[in-house]
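J.: Have a look at this fold, sequence not included:
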């Protein structure tokens, strides 16, 4: 091979590595009628080949709104948002879907770009549908294969399952339960395998178990994102006393897990600009702790470090991740050191609990 061929092969290898590891994300959309204090919730337990994240703010312009979001390290232009909210209280996130219409070969992986555009311009779920319509105008492919979760300041909640040339909308009102879950397949999808079905079912079971006390951001960052419950086996591997477990993608926490984020809406009588909160457990979420982000306040540890391009707390959580996933087994799957997880998790949960207890919204 010549030098150019070697470079192209290397790039293809990196892309393949990201693609294979990026089969992940577990999410939920929650209406105000089943939450602890009447606020809607949007949760994303993110899995990605990009393990390094930070939280950044995009300022408003004459024609766009300000917003905060989770970005990949290296995204210095804040071009691709992966979950976030804007000054109007509109919030959006996605999970990759693998059973929708096939990708267009030449246009793909535009979900982050679409969500950044939406955060800069949308106020409502209907506005987001307008963004999708414009992306697909004239029959051109949108370059997306995703379940988009959306909440807005009007209390509307929905999943939008979208592909290159169309979408299906699932409003929370049509669901009947007040909450919905998606992992890596779409309810409207007809092709391929239902990837992430066990994680989807795990989340459903865990949410049902927490409904009586009302759902909250803590339900997701402290329970679901740290849970090794397996719905098919009806077992919790944290409680089983086993020394190691293989990471086969059947638990919500995985080696590829890189953040757990919950956007908590403002109430009707509150200003969404100041009262909307995004709770972020950055890095490996089972070995991290949650911090609150508002439009005008991002904790320093979540911001991009100018010297590394990454966030300090993400680095710290990912160092713990390396201890929790020390090696691969003979089957090629990563081995989870459950003893390390059991010993490390309580202190981190207490840090989160202290933050949740002490947090108070700014009232205008």
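T.: Perfect, thanks for sending it. In this text, all values refer to a predicted model and were calculated from it rather than measured experimentally. Numbering: from 1, shown residues only.

J.: where do the strands sit along the stretch 51-200 of the chain?
T.: 53-58, 67-72, 83-86, 91-96, 146-151, 157-163, 166-171, 179-182 (DSSP state E, counting those that start in this stretch).

J.: which one of the ones you listed lies closest to residue 262?
T.: Closest to residue 262 of these is strand 83-86 (C-beta to C-beta; 9.0 Å). Yep, even glycine has a C-beta here, placed from its N, CA and C like the rest.

J.: what comes into contact with that closest one?
T.: With C-beta atoms under 8 Å, 6 or more residues apart in numbering as the test, strand 83-86 has contacts from 42, 44, 46, 65-70, 91-94, 115, 119-120, 122, 261, 263, 276, 278, 295.

J.: again, only this time at 7 Å
T.: In this structure, residues lying in contact with strand 83-86 by C-beta atoms under 7 Å, 6 or more residues apart in numbering are 44, 65-70, 91, 93, 119, 261, 263, 276, 278.

J.: hang on, the earlier thing: minimum distance to residue 304: which of the strands of the stretch 51-200 of the chain has it?
T.: strand 53-58 (4.1 Å).

J.: which helices and strands does the closest one pack with?
T.: Judged by 3 or more C-beta pairs under 7 Å, 6 or more residues apart in numbering; DSSP states H and E, strand 53-58 is in contact with strand 67-72.

J.: Could you rerun that using 10 Å?
T.: The contact analysis (3 or more C-beta pairs under 10 Å, 6 or more residues apart in numbering; DSSP states H and E) places strand 53-58 against strand 67-72, strand 83-86, helix 111-121, strand 257-264, strand 277-282, strand 290-293, helix 312-324.

J.: Now mean pLDDT too, for these, in a markdown table please.
T.: Compiled in a markdown table, the helices and strands packed on strand 53-58 are given as follows (pLDDT from 0 to 100):
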| stretch | mean pLDDT |
| --- | --- |
| strand 67-72 | 98 |
| strand 83-86 | 98 |
| helix 111-121 | 98 |
| strand 257-264 | 98 |
| strand 277-282 | 98 |
| strand 290-293 | 98 |
| helix 312-324 | 98 |
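
J.: With mean neighbour count and distance to residue 246 as added columns, please give the ones you listed in a markdown table.
T.: What follows is the helices and strands packed on strand 53-58, written out as a markdown table (neighbours: other C-beta atoms under 10 Å; distance: least, C-beta to C-beta, whole Å):
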| stretch | mean neighbour count | distance to residue 246 |
| --- | --- | --- |
| strand 67-72 | 26 | 27 |
| strand 83-86 | 30 | 28 |
| helix 111-121 | 22 | 29 |
| strand 257-264 | 29 | 15 |
| strand 277-282 | 27 | 24 |
| strand 290-293 | 24 | 28 |
| helix 312-324 | 19 | 13 |
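
J.: what would the ones you listed look like in JSON lines with distance to residue 248?
T.: Formatted as JSON lines, the helices and strands packed on strand 53-58 follow (distance: least, C-beta to C-beta, whole Å):
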{"stretch": "strand 67-72", "distance to residue 248": "25"}
{"stretch": "strand 83-86", "distance to residue 248": "25"}
{"stretch": "helix 111-121", "distance to residue 248": "25"}
{"stretch": "strand 257-264", "distance to residue 248": "14"}
{"stretch": "strand 277-282", "distance to residue 248": "23"}
{"stretch": "strand 290-293", "distance to residue 248": "27"}
{"stretch": "helix 312-324", "distance to residue 248": "15"}
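
J.: need the contact list for residue 268.
T.: Contacts for residue 268 (C-beta atoms under 10 Å, 6 or more residues apart in numbering) come out as 32, 38, 153-155.

J.: which residue packs closest to the residue most central in space within the chain, ignoring adjacent ones?
T.: Residue closest to the mean C-alpha point of the chain, counted by C-alpha atoms, centre = their mean, is residue 44 at 2.7 Å. Of all residues not flanking residue 44 in the chain, residue 93 sits nearest, at 4.2 Å (C-beta to C-beta, 6 or more residues apart in numbering).

J.: confidence score at that neighbour?
T.: Listed pLDDT for residue 93 reads 98.

J.: For it, give the beta-bridge partners.
T.: residue 83, residue 149 (DSSP bridges).

J.: what about it, how many residues close to it?
T.: 29 (other C-beta atoms under 10 Å).

J.: and it, what does it touch?
T.: Neighbouring residues of residue 93 by C-beta under 10 Å, 6+ apart: 25, 27, 29, 42-44, 46, 69-70, 81-85, 111, 115, 146-151, 261-263.
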